[in-house]
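Asker: Any chance you could fold what I've pasted below:
(one chain, ligands or ions: 1)
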Amino acid sequence: MPNTRHFADVTTAATLEQQRVLWREHARLIDWQTPFGEVLEYGAGARLPPPFARWFVGGTTNLCHNAVDRHLKDRGNQVALIWESTEVERTETWTYAELHREVVRAAAGMRELGVQRGDRVLIYMPMIPEAVFAMLACARIGAIHSVVFGGFASVSLARRIDDARPRLIVSADAGSRGGKVIEYKPLLDHAIELAVAEARPAHVLLVNRGLAPMKTMPGRDVHWAELRSRHLDSAAPVEWLESNEPSYILYTSGTTGKPKGVQRDVGGYAVALAASMRHIYDCRPGETYFCTSDIGWVVGHSYIVYGPLINGMTTILYEGTPLRPDPGIFWQLVAKHRPVAMFSSPTAIRTLKRYDQSLIRRHDLSSLRALWLAGEPLDEPTARWAGEWLGCPIRDNYWQTETGWPIMATPAGANPHYGSAGQPVFGYDVRLVNEENGEPLDNAGDFNHKGVVAIAPPLPPGCLQTVWDDDERFVRTYFHSIPGKLLYSTFDWGTRDADGYWYILGRFDDVINVAGHRLGTREIEESICSHAAVAECAVVGVHDEIKGQVAVAFAVLRNPDGIKDAAMRMELEGAVMRQVHDQLGAVARPARVHFVTGLPKTRSGKVLRRAIQAICERRDPGDLTTIDDPGPLEQVQQAHLG
Ligand code: AMP
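Answerer: Sure, this is the predicted structure:
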């Protein structure tokens, strides 16, 4: 089998035949109920034209079986899930046998509520074990889950309900963040009201944590505990799915206000995760894995829930912030549960860097073989600082909601190249191309020469199959943005050095990355523009020492003369921020809203977001020959920097 540990021989320029050999081998890492025929159906003779690809054709399998049932024989008594909540001060554990029982109960309950194979189930939950049970229960019965990050508010949620048309929504009375209770139920009820009538769910299943009073709607709302008690001994057999049936939808922000439903398959995803746990993260069954993400993000799907469980590991679900009860909590949890690998974000580490380092030294971190960081660029000082204080290698990995698992990573055992996201991972044919014609850039070592990071199709197993309910958008958005070539665009600029290490230089579309959370500037703009006082606005991502980027808004008021003084200005800024908070959620709240009398635009009326961003970051705004009027750009500078 190809040497996957150092990625190199199965990455760029791998032929389809090499890919087939590689993935046939990796497919052994999971259980198949019926063996697959062709490893990959792609190109001539395939039932779908490129770039659509079908992996492990005809094979039947199930994510829940691979994550839970198949371990019962050898690992029934091994802890599968540890829930640590510093919010409600609880620690609980489930062995694989106990996890199995809870998942079967949840699956049987969902069946009672009419959920069938192919139905969508939207999960809007805090970081509680029932969220994991619900995800696995969906996978078990072939329902397609769509987990929506608990930090999103009603309007974001309603858009996702409209698109997914769920039969069931699973939620809770409330979450808690930094000790503050955040009620979910009123947000959810409001979102369901906002959603189109045809998309509203038949039922809402609610975990009552006793954190907030909950009004329930008779006939629609069902209590988790009651449903569970009716199914203590029910059976819920695994539904065997063809490898290419959808397993889940996960919405992500793009360049339009409408979020895209990234649709994942079953078999390819299971195989890719199994391979990544072994050959990227270097983890073995029986070991413990600690990923600090949230189940609402792709990292949580892949490396809190499915990846570690498919690999027979113990996974830690952490409800809490990195700072409470003190900024040593991550390290305290490492010392307590002894994970071999930890997965977090550069923002979390940059935040912790500001605090007393003795909070690290007092904990035994000797179990850690590596700290993996992803979601945003990892700067060299942060990587060095973490390596020094934690005493283990710090490894970057670069990927996207769309891919479901890393496109690039620092191979275990290799020397890190600080600032680099590593090398392309096995199975990905990654190319650095000219954005105008898709021609390869032969620029190894030339850091002045950036290109588009692109992937030649077929995308490897586990990557998005399509955009939910919109094949045309899938092809147009991802494969037609680089003229002249059928290439998947990551929408990231990149470059690489002479050793084959890649450097990710940031997005070139209107997606920004705040503390590792991906946000579409258009969604925030729409929310700001829905404020009665605002005529138009532009939102850009501006560099921030801790969060990587923050959203900064420039708004033109309908009646600029209505703002008489600084106090009124501040009040309005607060009101606009609150509106974004209430509609989209705390994650989307801009750091600043500046009021200006005009936005810098081209003569054809396009807002010059990139110039605004450059000015805010004290960079050269570049070529401004198409600008209609330089006045607004000066206002931007004055407002943000002045
Ligand atoms: P998301 O879909 O939320 O995972 O966001 C994906 C985007 O985050 C990518 O397109 C990159 O812009 C950025 N990103 C993710 N991981 C890294 C990394 N390791 N280094 C640099 N940028 C990253």
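Asker: Please list the residues of the protein that sit near the ligand.
Answerer: Along the chain, the residues adjacent to the ligand under the rule Cβ under 6 Å from any ligand atom are 252, 298, 374-378, 396-401, 421, 490, 492, 504, 507, 513, 518. C-beta here means a position set from N, CA and C on the backbone, and glycine is covered the same way.
Asker: buried subset of those?
Answerer: 252, 298, 374-378, 396-401, 421, 490, 492, 504, 507, 513, 518 (16 or more other Cβ atoms under 10 Å).
Asker: burial of the closest residue to Trp23 other than its chain neighbours, as a residue count?
Answerer: Closest residue to Trp23 apart from its sequence neighbours, by Cβ to Cβ, 6 or more residues apart in numbering: Val39 at 5.3 Å. For Val39, the neighbour count with other Cβ atoms under 10 Å is 24.
Asker: swap in the one 3 residues further on?
Answerer: Neighbour count for Tyr42, taken as other Cβ under 10 Å: 22.
Asker: got it, and the one 4 residues further on?
Answerer: Here the number of neighbours of Ala46 (other Cβ under 10 Å) works out to 16.
Asker: again, but for the one 5 residues further on
Answerer: Counted with other Cβ under 10 Å, residues neighbouring Pro51 total 21.
Asker: residues contacting it?
Answerer: For Pro51, the contact set (Cβ atoms under 8 Å, 6 or more residues apart in numbering) comprises Pro457, Pro458, Leu459, Val475, Tyr478, Phe479, Leu486, Tyr488.
Asker: Now render the residues you listed as CSV, adding secondary structure and distance to Trp331.
Answerer: CSV is the format used below for the contacts of Pro51 (DSSP: H, G, I helix; E, B strand; the rest coil; distance: Cβ to Cβ, whole Å):
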residue, secondary structure, distance to Trp331
Pro457, coil, 42
Pro458, coil, 42
Leu459, coil, 37
Val475, helix, 46
Tyr478, helix, 39
Phe479, helix, 43
Leu486, coil, 47
Tyr488, strand, 38
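Asker: Taking the residues you listed, please make a ChimeraX selection of just the buried ones.
Answerer: The command below creates a ChimeraX selection of those among these that count as buried (16+ other Cβ under 10 Å):
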select :457,458,459,475,478,479,488
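Asker: In TSV, list the contacts of Pro51 along with pLDDT.
Answerer: Below are those laid out as TSV (pLDDT from 0 to 100):
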residue	pLDDT
Pro457	96
Pro458	96
Leu459	97
Val475	97
Tyr478	97
Phe479	97
Leu486	95
Tyr488	98
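Asker: May I ask you to confirm that Pro381 belongs to a helix?
Answerer: Yes: if the criterion is DSSP: H, G, I helix; E, B strand; the rest coil, then Pro381 is within a helix.
Asker: Next, find the distance separating it from Ile394.
Answerer: Counting by Cβ to Cβ, to the nearest Å, the gap from Pro381 to Ile394 is 11 Å.
Asker: And these two? Which one has more around it.
Answerer: Neighbours were counted for Pro381 and for Ile394 using other Cβ under 10 Å; Ile394 has more, 22 against 12.
Asker: Give me the phi and psi angles of the more buried one.
Answerer: Main-chain dihedrals, Ile394, degrees, to the nearest 10: phi -110, psi 120.
Asker: can you tell me which residues contact it?
Answerer: Ala370, Leu371, Leu373, Leu378, Ala383, Ala386, Gly387, Pro416.
Asker: The closest residue to the ligand within the stretch 451-600 of the chain - nearest residue in space that isn't next to it in sequence?
Answerer: Of all residues in the stretch 451-600 of the chain, the one sitting closest to the ligand is Arg518 (3.2 Å; Cβ to the nearest ligand atom). Nearest non-adjacent residue to Arg518, counting by Cβ to Cβ, 6+ apart: Ser253, 5.4 Å away.
Asker: count of neighbours near the one you found?
Answerer: 25.
Asker: so what's it up against?
Answerer: Shown in contact with Ser253 (Cβ under 8 Å, 6+ apart): Pro259, Lys260, Val511, Arg518, Leu519, Gly520, Glu523.
Asker: Identify, from those residues, the entry nearest to Leu333.
Answerer: Arg518 (25.8 Å; Cβ to Cβ).
Asker: Residues in a beta bridge with that closest one, which ones?
Answerer: Beta-bridge partners of Arg518, counted by DSSP bridges, are Asn513.
Asker: Surely it touches Asp510?
Answerer: No: between Arg518 and Asp510 there is no contact under Cβ atoms under 8 Å: 11.3 Å.
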